[in-house]
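S.K.: need coordinates for the below:
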Amino acid sequence: MVPPAAADPVTTWHGNANQNMGYALVDPDPTNRRVVVTYSCCSTCGCQAQNGLTLLYTCEPTDPNCGCAGQTNCPGFLDAPFLPAGYEDTALSFNGTQVVTPNALAVGPRNTYYVGNYRPATCSDVANCVACDPNNPGVFCDLTQPNCCDDAAAGRLVQFTLPTASAGPTWRVAAIYPGELILGLATGRDGSVMVGTDLGNLYRWDPVAETSTLVQTFGGAVFSITQHRTQGDWYLELRAEPKIVRLSEAGAPLALPAGVPASPPMEGVLQWAPDGQLYRLIGDADGTSTLTPYPL
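M.R.: Numbering: from 1, shown residues only. Alright, predicted model coming up:
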């Protein structure tokens, strides 16, 4: 956790799962003090924990609101994902590291979240399996009964809930983008979800109408999406030139602010912060990872 003041120390939490973590998203409820994390290890990398969705708790077990009491690594990353996934590699890499599903995270309505390319490891083809797909709106699967299998993880926009003290996690496939791999997700202040894919397409998913609209097509994969929450502008990182682009809330191209470079080095992930800056994280497994702020 990077503190607001640069002079303050960075807080580090550890896990004992020996797992690659692709994406992380802070729970918007500050009393929970937890982070949703994707475990995304390649099929031959020898990670000890299974791929899927897990939690990082930043609170102490003695805190009455802390959900990690009784866990084997608390505070820290939990060993086992609450929604396990299979090992599915992709044909893409990020700063030299292979991209593995599931990918991307975004906050959804009413205590739900979105993740891209998630296919549960618990699926079954039994006759009475639950089909929680776009053909069955509002139907959620859980771990108490068999859920129907899908052909592949790619292109699946999945809405899920976190486990609680009284109930387990649930999920449903909200939309499918055939032949595409979801790489970037971000929720807009109007409740819509921006979806970026490896084919350079940017879609807007309407959770009320349950429809997708193509916003823009770029010359390279859309890896990262974030929104300026007060102005409404979107910032995207692409695998193309320029790397960073700015769109209006409606999706029209805009010029970058003077302090934001069009093509910074390596590949990064963007995040707007309430301090009025755009942050770019470079994750490099074989080198130095950096977090760079750009005033807007």
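
S.K.: was I right about residue 130 contacting residue 149?
M.R.: No. When contacts are counted by C-beta atoms under 8 Å, residue 130 is not listed as touching residue 149 (11.2 Å). C-betas here are computed from N, CA, C, even on glycine.

S.K.: mind checking which of those two has more residues around it?
M.R.: Each of residue 130 and residue 149 has its neighbours counted (other C-beta atoms under 10 Å); residue 130 has more, 18 against 14.

S.K.: mind checking how far the more buried one is from residue 10?
M.R.: The gap separating residue 130 from residue 10 is 43 Å, by C-beta to C-beta, to the nearest Å.

S.K.: quick check: beta-bridge partners of residue 295?
M.R.: residue 277 (DSSP bridges).

S.K.: please apply the same query to residue 227.
M.R.: Beta-bridge partners of residue 227, as defined by DSSP bridges: residue 234.

S.K.: contacting residues for it?
M.R.: By C-beta atoms under 8 Å, 6 or more residues apart in numbering, the residues touching residue 227 are 186, 187, 188, 189, 194, 233, 234, 235, 249, 272.

S.K.: give me that answer again for 6 Å
M.R.: 186, 188, 234 (C-beta atoms under 6 Å, 6 or more residues apart in numbering).

S.K.: ok, now residue 58?
M.R.: Residue 58 touches 33, 75, counting by C-beta under 6 Å, 6+ apart.

S.K.: tell me the confidence at it?
M.R.: Confidence at residue 58, expressed as pLDDT, is 89.

S.K.: how near is it to residue 32?
M.R.: 9 Å.

S.K.: quick one: low-confidence parts of the chain?
M.R.: 16 (pLDDT under 70).

S.K.: centroid-nearest residue for it?
M.R.: What sits nearest the mean C-alpha location of the chain, by C-alpha atoms, centre = their mean, is residue 105, with 1.8 Å.

S.K.: who does it bridge with?
M.R.: With DSSP bridges as the rule, residue 105 is bridged to residue 115.

S.K.: helices along the chain, start to end?
M.R.: Applying DSSP state H to the chain gives no helices.

S.K.: for the stretch 51-200 of the chain, which segments count as strands?
M.R.: Under the criterion DSSP state E, counting those that start in this stretch, the stretch 51-200 of the chain contains strands at 52-57, 76-77, 83-84, 89-94, 97-100, 103-107, 112-116, 123-124, 141-142, 147-148, 156-161, 170-176, 182-187, 193-197.

S.K.: next, format those as JSON lines and append distance to residue 22.
M.R.: Output for those, formatted as JSON lines (distance: least, C-beta to C-beta, whole Å):
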{"stretch": "strand 52-57", "distance to residue 22": "11"}
{"stretch": "strand 76-77", "distance to residue 22": "13"}
{"stretch": "strand 83-84", "distance to residue 22": "14"}
{"stretch": "strand 89-94", "distance to residue 22": "8"}
{"stretch": "strand 97-100", "distance to residue 22": "7"}
{"stretch": "strand 103-107", "distance to residue 22": "6"}
{"stretch": "strand 112-116", "distance to residue 22": "10"}
{"stretch": "strand 123-124", "distance to residue 22": "21"}
{"stretch": "strand 141-142", "distance to residue 22": "22"}
{"stretch": "strand 147-148", "distance to residue 22": "23"}
{"stretch": "strand 156-161", "distance to residue 22": "15"}
{"stretch": "strand 170-176", "distance to residue 22": "18"}
{"stretch": "strand 182-187", "distance to residue 22": "10"}
{"stretch": "strand 193-197", "distance to residue 22": "15"}
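
S.K.: those strands: which one's closest to residue 218?
M.R.: Closest of the strands of the stretch 51-200 of the chain to residue 218 is strand 193-197, at 8.7 Å (criterion: C-beta to C-beta).

S.K.: what comes into contact with that closest one?
M.R.: In contact with strand 193-197 (C-beta under 6 Å, 6+ apart) are residues 106, 114, 180, 182-184, 186-187, 202-203, 205, 222, 225.
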